[in-house]
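Colleague: I need the structure of the sequence given here:
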Amino acid sequence: MRQRTRVGWCSLLIWLLAGGSAHAGQPLNTLERLKETGVLRVGYGDTAPFSYVDDQGEVVGYSIDICQRLAGQLQRQLAIPALEITYVPRTPSNRIQLLNSGDIDIECNASTNNEERRRSAQFALSHYFVSVRYVALKSNGFTTLEDLSGRSVSVARGTVNVSQINQANREQQLNLSVVPVETLQGAFDLVAEGRVAAFAMDDVLLSAMIAESDEPQAYVLSEEAITSTEPLGFMMRLEDDAFAVEVNKALEHIYTNPEMPLLYYQWFQQPLPGKDITLDIPMSEVLAEHFTALRTMALQE
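Modeller: Just a heads-up that it's a prediction; the model follows:
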């Protein structure tokens, strides 16, 4: 599904987390294309509360709200008469391909910003922080990695969770059978059906999937985290540095705006549009400190 939405407003600056190897071929010049076409191509997922399609067929979410403001700020920074958003669905397994092909200019979802991922894309300023845990059936009594020893664990293909669970498997000699699945829902369903013992993924996404399931009380998140806290961010093409600078300039303005805590509250502590669930996740100290640090930097400039 593709939607085109006219946007206009808000504010966003610079923390360019580069990395990775050189990108083959002539890189796309996104800034020039924005000026020529007046269109920003935004990749979205099926990952509430960050990006998803609601019951009215609209693309919504915490990340989408931020990217709508991003488009408005980019329009002003680049002095473009108008800048529309074209929404492009993406999956964990094809998002890098869509970036490199130019089908999307930026992925407005919730991708983990770590060394492995930075070999394939560059990241915007972080908008959330997560730990990776696993979901299991409560009746099985699994809460630690050791509890999964000798059992099967599903992961979503194309996510960094594949390498993370494999690393934990090697380091702790758990003898896990890792089962890659094309979609997050498919990986979750394997747990529901009793075909795997657990599904490893970002804790906030697992919380949303549990809340949205038919029997939320039947599931439990692991007490033990598989990873330490990691930042999430919007992905952009490698070597698209001029675009990344403008994006981060805009995002710094957005993240230091007084409305940012209210935007967070809307998506993490209020009912999700079209979902009839409330995550009730207060802003973490790590995220609050991140936004505070950006405000301090902005005041010093």
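
Colleague: give me phi/psi at residue 274?
Modeller: Main-chain dihedrals, residue 274, degrees, to the nearest 10: phi 70, psi 0.

Colleague: just confirm it contacts residue 49, I think it does.
Modeller: No - in this structure residue 274 lies outside contact range of residue 49 using C-beta atoms under 8 Å: 11.2 Å. For glycine as for every other residue, the C-beta is placed from the backbone atoms N, C-alpha and C.

Colleague: got a list of what residue 192 touches?
Modeller: 137, 213, 218 (C-beta atoms under 8 Å, 6 or more residues apart in numbering).

Colleague: for it, give its distance to residue 136.
Modeller: 11 Å (C-beta to C-beta, to the nearest Å).

Colleague: residue 258 now?
Modeller: 40 Å.

Colleague: quick one: which of those two has more around it?
Modeller: residue 136 (24 against 7; other C-beta atoms under 10 Å).

Colleague: which element is the residue sitting nearest the centre point of the chain on?
Modeller: In the chain, the residue lying closest to the centroid (C-alpha atoms, centre = their mean) is residue 110, at 0.3 Å. Residue 110 belongs to strand 106-112 when assigned by DSSP states H and E.

Colleague: strand partners (parallel or antiparallel) of that strand?
Modeller: strand 39-44 (parallel), strand 230-236 (antiparallel) (DSSP bridges).

Colleague: for it, which positions count as buried?
Modeller: By neighbour count on 16 or more other C-beta atoms under 10 Å, the buried set for strand 106-112 is 106-112.

Colleague: could those be laid out in a markdown table, adding pLDDT and distance to residue 71?
Modeller: Formatted as a markdown table, those follow (pLDDT from 0 to 100; distance: C-beta to C-beta, whole Å):
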| residue | pLDDT | distance to residue 71 |
| --- | --- | --- |
| 106 | 98 | 10 |
| 107 | 98 | 14 |
| 108 | 98 | 10 |
| 109 | 97 | 16 |
| 110 | 96 | 18 |
| 111 | 95 | 19 |
| 112 | 95 | 24 |
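
Colleague: quick one, the host helix or strand of residue 249 and strand 106-112 angle?
Modeller: For residue 249, the host element (DSSP H and E) is helix 241-255. Inter-element angle recorded for helix 241-255 and strand 106-112: 70 degrees (by axes from the mean of the first three to the mean of the last three C-alpha atoms, to 10 degrees).

Colleague: now helix 241-255, how far from the centre of its chain.
Modeller: Counting by C-alpha atoms, centre = their mean, to the nearest Å, helix 241-255 is centred 17 Å from the centre of its parent chain.

Colleague: and it, what does it pack against?
Modeller: Where contact means 3 or more C-beta pairs under 8 Å, 6 or more residues apart in numbering; DSSP states H and E, helix 241-255 is packed against helix 30-37, helix 62-77, strand 230-236, helix 285-300.

Colleague: just name whatever secondary elements the first one is in contact with.
Modeller: In terms of contacts (3+ C-beta pairs under 8 Å, 6+ apart), helix 30-37 is packed against helix 241-255.

Colleague: ok, residue 154 to residue 276 distance?
Modeller: Taken as C-beta to C-beta, the span from residue 154 to residue 276 is 26 Å.

Colleague: one step back: redo the helices and strands packed on helix 241-255 as TSV? Include mean pLDDT, mean neighbour count and distance to residue 161.
Modeller: Supplementary listing: the helices and strands packed on helix 241-255 in TSV, determined by pLDDT from 0 to 100; neighbours: other C-beta atoms under 10 Å; distance: least, C-beta to C-beta, whole Å:
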stretch	mean pLDDT	mean neighbour count	distance to residue 161
helix 30-37	96	16	28
helix 62-77	98	23	19
strand 230-236	97	23	11
helix 285-300	92	14	20
